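**Student:** build me a model from this:
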Amino acid sequence: MIFATLEHILTHLSFSIVSIVIAIHLMILSVHEIIGLRHSSEKGMLATFFSLTGLLVIRWISSRHFPLSNLYESLIFLSWSFSIIHMVSKLWNLKNDLSTITAPSAIFTQGFATSGLSSKMHQSAILVPALQSQWLMMHVSMMLLSYAALLCGSLLSVAFLVITFRKNIDIFFRSKNLLILMKSFFFRKIEYLNEKRSVVKSTSFLSFPNYYKYQLIQRLDYWSYRVISLGFTFLTIGILSGAVWANETWGSYWNWDPKETWAFITWTIFAIYSHTRTNQSLHGTNSALVASIGFLIIWICYFGINLLGIGLHSYGSFT
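**Tutor:** Predicted structure coming up:
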């Protein structure tokens, strides 16, 4: 009874805190000069991290097994993974870029786990025989950490594509205006000085605000690659550990189960992404497109297969 009460309190506490953090981030985006709110949001994510950590530990103690036995627990762990990525990003001095991704991701996953799933799925149950193994902690935790990192990195790539697209559109229209002014320059030499000022004004895409946008694009591209590389490493470890576990439980390393098949597709997509990063001509937009496709594939692998409730991994389904 005590464990259930503490779990209930920590669940709603962490959800409330991360909701406040989202509100603070929206205010920061509206008013960049507010410094105190930024520090409050960082403290809020720290409180969210400790609340989710306490929730997982209490559930671990009460159920006497690592809390990754059903969809509800995996969603809570995924939300915790987003919060820990946010905390680690502070060490990388990336909090201003990643905070707009990690905090909404944490509240989305936890909100769905708390309100979107039935109350029966919130209850901890005895592990099915297939999950009664020490490999549970290794395999599932690595997979969920990889999902969190890959989702964050993919969202950075999506942001990269959006900003790049808007920048190209902006440059196109400004260049069009510049061309008109250049034609006017040749036909009206008398207004040379005025048109020179217009040319300088029309080429303002080289000014400081757009230089800052260029720096932002470079940071998004650089850190999306770093975060995706980390997630790809976790994904590889998770798949390999799962293969060893499958051999011990089912007698074969690979069974082409729907979950296994989509995990292999996910690994292939991000292997292609890693390959594009080794080719200078494929940097930037091409690699970001691959990562954006990977974002959809991850959700199909993690969430879409659970909707079907079929295969050897059906214990993680909605039913």
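**Student:** quick one: buried residues of the helix or strand encompassing Lys259?
**Tutor:** Taking DSSP states H and E as the criterion, Lys259 maps to helix 258-278. The neighbour-count check on helix 258-278 (16 or more other C-beta atoms under 10 Å) flags 258-260, 262-263, 266-267, 269-270, 272-273, 276-277 as buried. In this view, the C-beta of every residue, glycine as well, is placed from N, C-alpha and C.
**Student:** make a markdown table out of those and add distance to Phe77 and pLDDT.
**Tutor:** What follows is the buried residues of helix 258-278, written out as a markdown table (distance: C-beta to C-beta, whole Å; pLDDT from 0 to 100):
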| residue | distance to Phe77 | pLDDT |
| --- | --- | --- |
| Pro258 | 21 | 86 |
| Lys259 | 17 | 86 |
| Glu260 | 20 | 89 |
| Trp262 | 19 | 91 |
| Ala263 | 17 | 92 |
| Thr266 | 18 | 94 |
| Trp267 | 20 | 95 |
| Ile269 | 23 | 95 |
| Phe270 | 21 | 95 |
| Ile272 | 28 | 94 |
| Tyr273 | 25 | 93 |
| Thr276 | 30 | 90 |
| Arg277 | 29 | 88 |
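**Student:** and which of the residues you listed is nearest Ala246?
**Tutor:** If you rank the buried residues of helix 258-278 by distance to Ala246 using C-beta to C-beta, Glu260 comes first, at 8.0 Å.
**Student:** burial check on the nearest residue to Thr249 once chain neighbours are set aside, number of neighbours?
**Tutor:** Of all residues beyond its chain neighbours, the one nearest Thr249 is Ala130 (5.5 Å), with distances taken as C-beta to C-beta, 6 or more residues apart in numbering. Using other C-beta atoms under 10 Å, Ala130 has 14 neighbouring residues.
**Student:** and Ala130, how far from His139?
**Tutor:** For Ala130, the distance to His139 (C-beta to C-beta, to the nearest Å) stands at 12 Å.
**Student:** what lies in contact with the strand or helix carrying Ser292?
**Tutor:** Element membership for Ser292, per DSSP H and E: helix 285-299. Contact with helix 285-299 is made by 147, 150-151, 153-155, 157-158, 160-161, 164, 221, 224-225, 228, 262, 265-266, 269-270, 272-273, 276-277, as judged by C-beta atoms under 8 Å, 6 or more residues apart in numbering.
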